[in-house]
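Trainee: generate coordinates for the sequence data below:
(one chain, ligands or ions: 1)
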Amino acid sequence: MRQRETEPLDNVIRIQEVELGAQPIDRFLTISGAEPIARAKRLGEEMSSRLKGRAVWSVNSTATGGGVAEMLRSVLPYVRGFGIDCRWVVIGGSPDFFRITKRLHHALHGSYGDGSPLGDKERAVYEDVLRANAAEISGLVRPRDVVVLHDPQTAGLAPALTGLGAIVIWRCHIGADDPNPETEVGWRFLEPYICDAAATVFTRRQYVPEVCNHDRSIIIPPSIDPFSPKNQEMADDVARAILFHTGLLGGTPSEVLPTFVRLDGSPGRVDRRADVIRLGPVSSPDAPLVVQISRWDPLKDPVGVMWGFARLAEREPDLEAELVLAGPNVHAIEDDPESASTLDAVVDRWRELPHGIRDRVHLASLPTADLEENGAIVNALQRQATIVVQKSLREGFGLTVTEAMWKRRPVLASAVGGIQDQIRDGTDGLLLQDPNDIESFATVLGRLLPDAGLRQRLGEEAHERVRAEYLPLRHLTQYAELLERIDAA
Ligand code: UDP
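Mentor: Coordinates of the predicted model:
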């Protein structure tokens, strides 16, 4: 990542431009077949000539960790592969700004968060920070450039950038299945900034708020990159070597090297270790693993996963499975101020588990200094998992769910938000109807763990589902159609 020279409002506010490579869409030939690739290329050429001389900007609030950064990193190189000047800028903010935007994030999910107000004082902080960011960004963006602003953190840039003559799209990755007083509070806060956007993009139809209930709102779910270090093919013994090296798996060291392929095609090697909190021995390579990988966020319910697993272990004293809760190093994600306190809370609850159960619950913070290395560790952990769980209480769209499905893992996830579109219950995964229902979570886990046939069937279907629905080809096609529509308007 390259840090741009800016004149910051104060020492904490500065924008960064994230460097992006270019990738040819032809890479998908073996996955998607010739005809879809030919169609995508035609669209790409059209898009490229439509955008001649114009840049397409993505603006969000973190370059590392979380679904939006992950998605931008996955999709944008293919846009650049069409010869389009596609760029990515990360805004800066103060701790107070990110506290307010995290509160907004909770509100749009329909949740109370820290319950702090979202009134005039908060609006003033939000606008001041975004005004400083807009001043920097306006040195880069030209009239008729397309700017895609992501999530509540950047929504307040829309009026200034529209004022410059840019075409502004606001894309929201979160939402609530049903409106409630919290969602009202959130949308009231954001309404003045987003109502004049050229288009608004949501992950699901149910997420479109009243204020965006017009023909400029469209639905585009995210996608994953099957060639990234996080999702690329990885042999079982390489996955184990990576986990052994990282300190997540025991056994005897093998000759196999903990390697992966970097985004630019060069060889990569996992060098760093995870920071693991555990009481018992490191897991044996043969132990069945139940794995949840998420940011340390209360809405991912890591404590609920732990309790559900503990409930199963109480019911089945001979249970061989172990639980790994993994997340990024808590200092990694600039726009998520809650992660350290969430991990602390998980550790506190973990200490309350009986010894015999605590022995087999591992809390892992994964190294993030090298994001591709981090991705390779996530890849290895998802592949080693017997079952991947995502027991979120709310979820706009669970990238971790799609990532695990691509790896043919059976996924047990809450029937909330976008996960309900991603998994068809009983076909390509299993859904937990009530995400707070610890007993049912334990029961379904207990049913799936010993049933190798069911796990395999769900895993195969899951892979096929991702191939059909959640790869960049579909995503890029929808963006091309959106651009065509906006330019025609
Ligand atoms: N992730 C990661 N490293 C970690 C933990 C999570 O790269 O240590 C990634 C995970 O693989 C996924 C993203 O962070 O790609 C989380 O996206 P998701 O949509 O599941 O949740 P969000 O964080 O956006 O709420």
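Trainee: quick one: residues contacting L257.
Mentor: 238, 241, 269 (CB atoms under 8 Å, 6 or more residues apart in numbering). C-beta coordinates here come from the backbone N, C-alpha and C atoms, glycine included.
Trainee: just those residues: which are in strands?
Mentor: Among the contacts of L257, the subset assigned to strands under DSSP state E consists of R269.
Trainee: which strands or helices does the helix or strand containing L43 pack on?
Mentor: If you go by DSSP states H and E, L43 is part of helix 34-50. Other elements packing on helix 34-50 under the criterion 3 or more CB pairs under 8 Å, 6 or more residues apart in numbering; DSSP states H and E are helix 472-488.
Trainee: quick one: average pLDDT of the helix it packs on?
Mentor: The pLDDT scores in helix 472-488 average 93.
Trainee: could I get it in CSV with only the CA atoms?
Mentor: Extracted in CSV, the C-alpha atoms of helix 472-488 (Å, rounded to 0.1, in the frame of the first residue of the first chain):
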residue,chain,number,x,y,z
PRO,A,472,-16.4,-12.1,-10.2
LEU,A,473,-17.9,-12.8,-13.7
ARG,A,474,-21.4,-12.3,-12.4
HIS,A,475,-20.4,-9.3,-10.3
LEU,A,476,-18.6,-7.5,-13.2
THR,A,477,-21.5,-8.1,-15.5
GLN,A,478,-23.9,-6.5,-13.1
TYR,A,479,-21.5,-3.5,-12.7
ALA,A,480,-21.3,-3.1,-16.5
GLU,A,481,-25.1,-3.1,-16.8
LEU,A,482,-25.3,-0.5,-14.0
LEU,A,483,-22.8,1.8,-15.7
GLU,A,484,-24.6,1.5,-19.0
ARG,A,485,-27.8,2.5,-17.3
ILE,A,486,-26.3,5.4,-15.5
ASP,A,487,-24.7,6.8,-18.6
ALA,A,488,-27.9,6.4,-20.5
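Trainee: so which elements touch that helix?
Mentor: By 3+ CB pairs under 8 Å, 6+ apart, helix 472-488 packs against helix 34-50, helix 67-81, strand 167-172, strand 199-202.
Trainee: list the buried ones in the longest one?
Mentor: Neighbour counts using 16 or more other CB atoms under 10 Å place 36-37, 40, 43-44, 47 of helix 34-50 among the buried residues.
Trainee: just the third one next, same as before
Mentor: By 16+ other CB under 10 Å, the buried positions in strand 167-172 come out as 167-172.
Trainee: just to be sure, V147 is in a strand?
Mentor: Yes - residue state for V147 (DSSP: H, G, I helix; E, B strand; the rest coil) corresponds to a strand.
Trainee: any idea what it is bridged to?
Mentor: On the basis of DSSP bridges, V147 is bridged to W57, V168.
Trainee: and the ligand, is stretch 49-60 touching that?
Mentor: No - between stretch 49-60 and the ligand, judged by CB under 6 Å from any ligand atom, nothing touches; the nearest distance is 10.9 Å.
Trainee: how far out from the middle of the chain is that stretch?
Mentor: The gap between where stretch 49-60 is centred and where its chain is centred comes out at 23 Å by CA atoms, centre = their mean, to the nearest Å.
Trainee: same list, the contacts of L257, but as JSON lines with neighbour count, distance to the ligand and pLDDT please.
Mentor: As requested, those are arranged in JSON lines below (neighbours: other CB atoms under 10 Å; distance: CB to the nearest ligand atom, whole Å; pLDDT from 0 to 100):
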{"residue": "V238", "neighbour count": "21", "distance to the ligand": "18", "pLDDT": "97"}
{"residue": "A241", "neighbour count": "23", "distance to the ligand": "19", "pLDDT": "97"}
{"residue": "R269", "neighbour count": "13", "distance to the ligand": "18", "pLDDT": "98"}
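Trainee: before we move on, back to that, out of the helices and strands packed on helix 472-488, which is closest to H106?
Mentor: Among those, strand 167-172 comes nearest to H106, with 14.0 Å by CB to CB.
Trainee: which one is the residue of the stretch 51-200 of the chain found nearest the ligand nearest to, not counting chain neighbours?
Mentor: Closest approach of the stretch 51-200 of the chain to the ligand (CB to the nearest ligand atom) occurs at G67, with a separation of 2.5 Å. Distance criterion CB to CB, 6 or more residues apart in numbering; nearest residue to G67, sequence neighbours excluded, is L399 at 4.5 Å.
Trainee: so what's that neighbour scoring on pLDDT?
Mentor: Reading off the model, L399 has pLDDT 95.
Trainee: which residues does it contact?
Mentor: Applying CB under 8 Å, 6+ apart, we find L399 in contact with 67, 70-71, 222, 224.
Trainee: next, give phi and psi for V291.
Mentor: When read as degrees, to the nearest 10, the backbone of V291 gives phi -130, psi 130.
Trainee: tell me, how many neighbours does the closest residue to it other than its chain neighbours end up with?
Mentor: Nearest residue to V291, sequence neighbours excluded (CB to CB, 6+ apart): A385, at 3.8 Å. Counted by other CB atoms under 10 Å, the residues lying close to A385 total 22.
Trainee: swap in M71?
Mentor: By other CB under 10 Å, neighbour count at M71 equals 23.
Trainee: quick check: it vs L51, distance?
Mentor: 20 Å (CB to CB, to the nearest Å).
Trainee: that older thread, what angle do helix 472-488 and the helix holding L43 make with each other?
Mentor: Angle, helix 34-50 to helix 472-488, by axes from the mean of the first three to the mean of the last three CA atoms, to 10 degrees: 30 degrees.
Trainee: contacts only, for A198.
Mentor: 162, 167-169, 216, 486, 489.
Trainee: I meant L76, not that one.
Mentor: Counted by CB under 8 Å, 6+ apart, L76 has contacts 20, 58, 86, 88.
Trainee: do I have it right that the second one meets R87?
Mentor: Yes - with the criterion set as CB atoms under 8 Å, S58 and R87 qualify as a contacting pair; they are 7.3 Å apart.
Trainee: my guess is I167 contacts V146. True?
Mentor: Yes - if you go by CB under 8 Å, I167 and V146 touch, sitting 4.9 Å apart.
Trainee: okay, now G163: neighbour count?
Mentor: 11.
Trainee: fine by me, we can end here.
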